[in-house]
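Enquirer: For reference, the sequence and a predicted model appear below.
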Amino acid sequence: MKTPYPDYEDVMRECREIAASDPTRVSYSEIGKSEEGRPLPLLKMTDPAVPDREKSVFLLSGGTDGSEEVGRAVALGMARALLAPERRALLYRQVVLVMPVTNPDGCVRNQPDREGNAKGIPAAGAYPDDGPPLTAEARAMRALVDEWIPDAHVDFHGLAGGSMGDCEFLYPTVNSKWSIPVLMDIVRAIEEAGALAGFPQQGRPRLWTEPRHNLPGWLARNCSSVCMVLEGTENYYPIEDSVRSGVARLLRFMEFGDSTDRYFQDFPNYPCDVVSGGFMAALMPYGQTYEERRRCRRDISQMIVQGVPWFERLACDRDWTAVVHLPVDDSVRTFPEGMRFKATIDRRAVVKEVLWQDHRLEPALWRQALTPAGIVVTADVPEPPRRGANQLKIRYEVPFRRHVEPPPEK
Ligand SMILES: [Zn+2]
């Protein structure tokens with residue numbers, strides 16, 4: 001029986017309509033085929049006035065679990081909403097990739113509580129870390145994200161009939177590389193936007209900290225992308241309200257990639273926020289363009305799957321050395337071409353030199369800024385790390401003695 005939600009044929013027709021309505025900013029393509037040979041449609045939406053390499057990339061997918069229909073409706077609603085004149089800036093500063101149906105065979109079957117594809121494999125297990133994707137759909141999605149390395153990704157699901165009941169819910173996908181405070185800023189903003197539109201979230205967001213072998217989990221772990229699964233209601237609200245709620249929440253998320261001070265890549269700890277020593281040091285992507293930094297972010301993320309950088313301070317009277325250690329073990333296969341380090345040291349410090357391994361970095365490669373937390377030193381290392389131990393050292397002086405001189409002996 002036909003439901004109020006767009007079925008596969010509706011999605012294909014609407015995608016072509018949306019692309020035809022604004023050929024300058026929307027392009028339609030098919031990124032591959034399902035197990036049963038159904039095309040996987042993609043809408044690439046962006047303003048061509050700015051080259052793609054200078055923009056953030058946001059990936060929105062829907063229709064991932066066959067019986068969850070609202071994601072397809074929200075993805076199409078979002079694509080239409082992005083073309084409104086008041087949203088010009090969004091597409092000026094980012095590339096938005098919309099995949100309204102990533103599981104066409106499951107969509108065509110549309111059996112209650114059946115999530116999987118034609119072979120019964122759900123997307124939730126189709127993206128292992130140690131091998132190729134398990135389904136035709138997942139292979140196509142992996143090729144897409146390998147090409148674009150999204151800065152942010154939302155997979156839009158629906159909870160109707162599931163164990164949670166019919167409600168709106170939010171699952172931010174987090175791993176140790178991402179700064180949880182930054183992620184929670186985005187989560188709060190999304191919740192607030194939903195509530196303001198008249199659709200408050202039901203229950204607290206549930207952080208996914210354990211490894212998830214779906215696409216958001218794979219992207220968060222292997223590329224340090226900002227990823228979430230959003231759930232929409234299917235029976236509780238009429239379809240128009242479900243779409244309004246989904247679009248309000250997604251637009252708020254995309255606004256983080258929109259304004260010049262909040263591009264996804266300009267977050268203070270974006271995005272390989274490898275923290276230790278109480279947020280004192282971070283490892284970040286290096287590169288001239290957004291695209292170069294995206295590739296570097298992926299390479300750093302894959303490099304540090306095993307080893308985690310750590311931070312220490314070595315003191316010797318007035319002379320101090322702050323050291324960021326980056327261990328690279330034998331399992332690492334991907335080396336970034338360069339890296340950016342950030343470390344916070346004493347507010348009163350006078351930095352003398354910065355060293356990578358044992359050679360001095362040219363002064364043009366590092367800079368310092370006084371912040372309320374201390375002096376933040378940012379250093380660009382334009383070469384790959386080596387296997388084994390790596391060290392960035394900051395040598396500095398503080399204008400006082402650490403130890404009180406003992407009284408002279410009588
Ligand atoms: Zn689902």
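Expert: Okay, I see it.

Enquirer: Now for the residue nearest to C167 when sequence neighbours are not counted, how many residues are close by?
Expert: Distances taken as CB to CB, 6 or more residues apart in numbering put Q202 closest to C167, at 4.1 Å, once the chain neighbours are dropped. Just so you know, the C-beta spots here come from the backbone N, C-alpha and C atoms, and that holds for glycine as well. Look at Q202: counted by other CB atoms under 10 Å, it has 17 neighbours.

Enquirer: wouldn't Q202 be in contact with L170 here?
Expert: No: here Q202 does not reach L170: they are 10.0 Å apart, not a contact under CB atoms under 8 Å.

Enquirer: if we can go back for a sec, report the contact partners of the residue nearest to C167.
Expert: 167-169 (CB atoms under 8 Å, 6 or more residues apart in numbering).

Enquirer: quick check, nearest of these to the ion?
Expert: F169 (10.4 Å; CB to the ion).

Enquirer: Could you give the secondary structure assignment for whatever residue of the stretch 1-150 of the chain ends up closest to the ion?
Expert: When distances are taken as CB to the ion, the stretch 1-150 of the chain reaches nearest to the ion at D65, 3.6 Å away. What DSSP: H, G, I helix; E, B strand; the rest coil gives for D65 is coil.

Enquirer: What sits closest to it if chain neighbours are left out?
Expert: According to CB to CB, 6+ apart, the nearest residue to D65 is E115 (3.7 Å).

Enquirer: ok, the one you found - contacts?
Expert: E115 neighbours (CB under 8 Å, 6+ apart): 65-68, 106, 122-124.

Enquirer: Sheet-wise, list the partners of the helix or strand containing V324 with their directions.
Expert: Using DSSP states H and E, V324 falls within strand 319-325. Note on strand 319-325: by DSSP bridges, its sheet partners are strand 310-316 (antiparallel), strand 391-397 (antiparallel).

Enquirer: and of these, who's closest to the ion?
Expert: Once these are compared by CB to the ion, strand 310-316 is nearest, at 37.4 Å.

Enquirer: Give me the number of neighbouring residues for R13.
Expert: Considering only other CB under 10 Å, R13 is surrounded by 11 other residues.

Enquirer: how close does it get to P6?
Expert: Counting by CB to CB, to the nearest Å, the gap from R13 to P6 is 9 Å.

Enquirer: in which helix or strand would I find whichever residue of the stretch 101-250 of the chain sits closest to the ion?
Expert: The minimum distance from the stretch 101-250 of the chain to the ion, using CB to the ion, falls at H157 (3.4 Å). Of the helices and strands defined by DSSP H and E, H157 is found in strand 152-158.

Enquirer: partner strands of that strand, parallel or antiparallel?
Expert: strand 56-62 (parallel), strand 226-232 (parallel).

Enquirer: The next helix or strand after the first one vs the ion: in contact?
Expert: Right, strand 56-62. The first helix or strand that comes after strand 56-62 along the chain, using DSSP H and E, is helix 70-82. No: Helix 70-82 lies out of reach of the ion by CB under 5 Å from the ion, never closer than 7.9 Å.

Enquirer: packing partners for helix 70-82?
Expert: In terms of contacts (3 or more CB pairs under 8 Å, 6 or more residues apart in numbering; DSSP states H and E), helix 70-82 is packed against helix 8-21, strand 39-45, strand 56-62, strand 94-99, strand 152-158, strand 226-232, helix 239-255.

Enquirer: Tabulate the ones you listed (a markdown table), appending mean pLDDT.
Expert: Output for those, formatted as a markdown table (pLDDT from 0 to 100):
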| stretch | mean pLDDT |
| --- | --- |
| helix 8-21 | 98 |
| strand 39-45 | 98 |
| strand 56-62 | 95 |
| strand 94-99 | 96 |
| strand 152-158 | 94 |
| strand 226-232 | 90 |
| helix 239-255 | 94 |
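
Enquirer: can you tell which of the ones you listed is closest to G77?
Expert: When the helices and strands packed on helix 70-82 are compared by CB to CB, helix 239-255 sits nearest G77, at 3.9 Å.

Enquirer: What is the burial count for E409?
Expert: By the measure other CB under 10 Å, the count of residues near E409 is 4.
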